[in-house]
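> Kindly return the folded structure for what I paste below:
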Amino acid sequence: MKIADEWDIDNLPNRLTMFRIALIPVIIVSLFLQSTNWLVSHHLLLAHIAGWTFVLASITDFLDGYIARKRKIVTVFGSFLDPIADKCLIVSSLIILLALNRIPVLIVIILVIREIYIMALRLLSLERGFNIKVGQLGKWKTALQMIGIPMLMVNSPLLGIPLPLIGIIMIYATTVLSLYSATEYSIETVKKLKMARKTKEAL
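A predicted model of the protein is given here:
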């Protein structure tokens, strides 16, 4: 890859990331309108709009990373924007689900603080010139979270499947994995920082 390509903004992965950001207001508005009394007859429709829009956003999250790796389109802009888009999607969804009394406040606090903490570590690692790969626990955490959150958005059984119950179980499991993966990520970051410091001192 040429160095100039690293600063490219207009490419397919970045477009998908920006599209994901554009979907966030749709989710927020759809969920917010469920708290109003003048749209009671449309609450289920709004719930499905929010849930399926979140699913679409999650798919773009997978696709932009896959395409970037497959086509070797790794840019500075994309590396910076992608995690921010992810955090905005997750944090905004959790906060409004909390406002709708679908998630306990303690769970939201843990997950939001964890997301902000991990984003800070990633930005630190990028600033120091290295990257920390997502561990297996982090991948499982993301998968459970991306499935559990839209279930809580829909908040009603679908084809006999108790989505709210399954969703809250997945969110509790996500919380446990979040704490473990954050610890794993922290240890790996400290190791990389120590290695970078030793390399710098040896020069």
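
> Please enumerate the helices of the protein.
Remark: helices assigned in the chain by DSSP state H are 12-33, 43-70, 76-99, 105-127, 136-154, 163-202.

> If you count neighbours, what's buried in the last one?
Just to be clear, that refers to helix 163-202. Neighbour-count burial for helix 163-202, counted by 16 or more other C-beta atoms under 10 Å, picks out 163, 167-168, 170-171, 174-175, 177-178, 181-182, 184-185, 189, 192. Just so you know, the C-beta spots here come from the backbone N, C-alpha and C atoms, and that holds for glycine as well.

> Closest one to residue 68 out of those, please.
Set against residue 68, the nearest of these by C-beta to C-beta is residue 185 (20.5 Å).

> What distance do you get for residue 180 to residue 75?
Residue 180 is 31 Å from residue 75, where distance means C-beta to C-beta, to the nearest Å.

> Which pLDDT value belongs to the spatially most central residue of the chain?
The centroid of the chain falls nearest to residue 86 when counting by C-alpha atoms, centre = their mean (3.5 Å). Turning to residue 86, the model gives it a pLDDT of 87.

> Next, the contact list for it, please.
residue 61 (C-beta atoms under 8 Å, 6 or more residues apart in numbering).

> separation between it and residue 162?
According to C-beta to C-beta, residue 86 stands 28 Å off from residue 162.

> contacting residues for the closest residue in space to residue 152 that isn't next to it in sequence?
Computed as C-beta to C-beta, 6 or more residues apart in numbering, the closest residue to residue 152 that is not its neighbour in sequence is residue 167, at 4.1 Å. Neighbouring residues of residue 167 by C-beta under 8 Å, 6+ apart: 147, 148, 149, 150, 151, 152, 155.

> Single out the most deeply packed of the helices of the chain.
helix 136-154 (a mean of 20; mean count of other C-beta atoms under 10 Å).

> Show me what it is in contact with.
By C-beta under 8 Å, 6+ apart, the residues outside helix 136-154 that reach it are 27, 31, 47-48, 50-52, 54-55, 58, 61, 90, 93-94, 97, 102-103, 111, 134, 163-164, 166-171, 173-174, 177-178, 180-181, 184-185.

> go on, stretch 93-105?
Residues outside stretch 93-105 that contact it (C-beta under 8 Å, 6+ apart): 27-28, 31-32, 34-35, 54, 108, 111-112, 149, 152-153, 155, 164, 168, 171.

> And stretch 114-125, by the same measure?
Contact with stretch 114-125 is made by 80, 83-84, 87, 90-91, 131-132, 178-179, 182, 185-186, 189, 192, as judged by C-beta under 8 Å, 6+ apart.

> And the pLDDT for the residue nearest to residue 168 when sequence neighbours are not counted?
Distance criterion C-beta to C-beta, 6+ apart; nearest residue to residue 168, sequence neighbours excluded, is residue 152 at 6.7 Å. For residue 152, the model assigns a pLDDT of 96.
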